[in-house]
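*Asks:* Predicted model and sequence below, questions to follow.
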Amino acid sequence: MPSTHFAPLADTQLDTLIVGSGPAGATLAHELTSRGQNVAVLEWGKHEPIKGSFSQMAKMAAIPGKGAFINSDLSLLLRGITTGGSSTINFATALAPPLDYFKKYGIDLSQEIEEVDKRLPLDTLPDELMGPMAHTISDAATALGLNWQKLDKFIHMDKCRTHCHRCTYGCPYEAKWSARDPLNEAVNKGAQLITQAKVQRVIIKNGKAVGVEYNQGGQTKQIYANRVVLSAGGIGSPRILQNSNVEGAGIQGAGFENSGKDYFVDPVIVVMGSVKGMKSGREVPMAAGLHLPDEGIMLSDLTLPRPLFQAFSAQVGRLDRLLAHESTLTIMVKIKDELGGKIGPKWLNKKLSQADKQKLEKGCQIAEDILKQAGASHIFRSHHFAAHPGGTAKIGDIVNSDLQTRVAGLYVCDASVIPEAWGLPPSYTLICLGLRLAKHLAAR
């Protein structure tokens, strides 16, 4: 692990300051450092070695108001506050960016998709790495005539282990790609990493972003650069924009008051059922699934570690299932929700529409049919929770096709720029956006 580097000396001129070290920010840091730029990355979380434990994951993603949120619709939203962001604790599922979706906004990611395909570990799990639960679900879905297919994963298959569930906690075996990989390479090439630094606002002078103000160890600090890129995620970036006072800064109509409005969260329900004779519970999640793009519904197997399974069971009062972890199949149902809601300085508010509820119901019915086909009993559903907040600093609204705001030298590159309802794992897309922005900034 590279050591943490603190703020540069006053006479050091930073080319680019990146706020956040998730897939987009870390990719951008790596690319710009490789091109000879002087780069610093500010990260709110820590840069501890990954242990693959529940307790470490909980510290990253389950602290209320920091990594965990409950909104007025009683849905839970988690995000990873650590180097690598949520990619450190996600399931490494890699769905390529929908090209037509972005071309409407003047963004062509086809070249970046080719680069990701060459650079990153990208493949489906071999049969021997798919656990018995994933195989059982796949066989049942196929028997029903569903187009259930293996999903691409950002995983080094030669390092991945059978009977392992630690994707969810953070892979300690370096099998799963995360944004820590390009971040570590960037630091090794000279990028500065400033951890436990919570950015409050962008410093704007004469209509141009010149740095940020952040809190570290109870002290307020400032750091300056030629340009600033916010990659703090679908919640973090709009909050920083909202806090960035442009009055008297030589610019009119920056549009930051619109950040955080009308966003998506990709709601999820997990559907569970027990199968007699099944004995597993330690598997790579999301090994295979079904995507219905026209209907905005996605399903996949989702074998969860025991503590998370028990939390979902207790959440809906199914205390009778608490000891059934090793025999219970779990299917994730995720939808593309309608835009809505608002993210405030200390809260977020997003309710499901009637159409969203109907999509979830249809997906859950499909999941229940699969479980019944697999011979499951004691079938039940979790409450819905949120997977991927985004759309809070949209392309065409807050940023242009180059991801620049109306403030010169201020860019946003993370899930917040995704302009429409989404419904897909975003990491692949965010890596591509980071690659594309790096080319633009290097050219400038």
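*Replies:* Yes, it's here.
*Asks:* From the rest of the structure, what touches whichever strand or helix holds residue 433?
*Replies:* In this assignment (DSSP states H and E), residue 433 forms part of helix 427-443. Contacting residues not belonging to helix 427-443 are listed as 16, 22-28, 31-32, 35, 37, 87, 90, 92-97, 107, 109, 112-113, 115-116, 120, 154, 227, 229, 231, 402-403, 411, 413-415, 417-418 [CB atoms under 8 Å, 6 or more residues apart in numbering]. Where C-beta positions appear, they are placed from N, C-alpha and C, glycine not excepted.
*Asks:* again, but for stretch 336-350
*Replies:* 65, 69, 71-73, 75, 77, 235, 238-239, 242-243, 260-267, 296-297, 351-353, 355-356, 359, 386, 389, 391-392, 420-424.
*Asks:* So among the contacts of helix 427-443, which ones count as buried?
*Replies:* 16, 22-28, 31-32, 37, 87, 90, 92-97, 107, 109, 112-113, 116, 120, 154, 227, 229, 231, 403, 411, 413-415, 417-418 (16 or more other CB atoms under 10 Å).
*Asks:* phi, psi of residue 182?
*Replies:* Per-residue torsions, residue 182: phi -70, psi -30 (degrees, to the nearest 10).
*Asks:* can you pull out the helices in the stretch 51-200 of the chain?
*Replies:* In the stretch 51-200 of the chain, helices defined by DSSP state H, counting those that start in this stretch lie at 54-61, 99-103, 110-119, 132-143, 180-188, listed in chain order.
*Asks:* Identify the bridge partners of residue 69.
*Replies:* Here residue 69 sits in beta bridges with residue 77, going by DSSP bridges.
*Asks:* ok, it - how many residues close by?
*Replies:* 21 (other CB atoms under 10 Å).
*Asks:* my read: it touches residue 76, true?
*Replies:* Yes: counting by CB atoms under 8 Å, residue 69 does reach residue 76; the two are 7.4 Å apart.
*Asks:* What sits closest to residue 168 if chain neighbours are left out?
*Replies:* Nearest residue to residue 168 in three dimensions, chain neighbours excluded: residue 305, at 5.7 Å (CB to CB, 6 or more residues apart in numbering).
*Asks:* same thing with residue 387?
*Replies:* Going by CB to CB, 6+ apart, residue 387 has residue 266 as its nearest residue, at 4.2 Å.
*Asks:* any idea how far the one you found is from residue 290?
*Replies:* To residue 290, residue 266 is 16 Å away according to CB to CB, to the nearest Å.
*Asks:* can you check residue 405 too?
*Replies:* 38 Å.
*Asks:* neighbour-wise, which of the two wins?
*Replies:* Remark: of residue 405 and residue 290, residue 405 carries more neighbours, 25 against 21, as counted by other CB under 10 Å.
*Asks:* Let me see the contact set for the more buried one.
*Replies:* Residue 405 sits next to 241, 254, 255, 256, 393, 398, 399, 411, 412 when contact means CB under 8 Å, 6+ apart.
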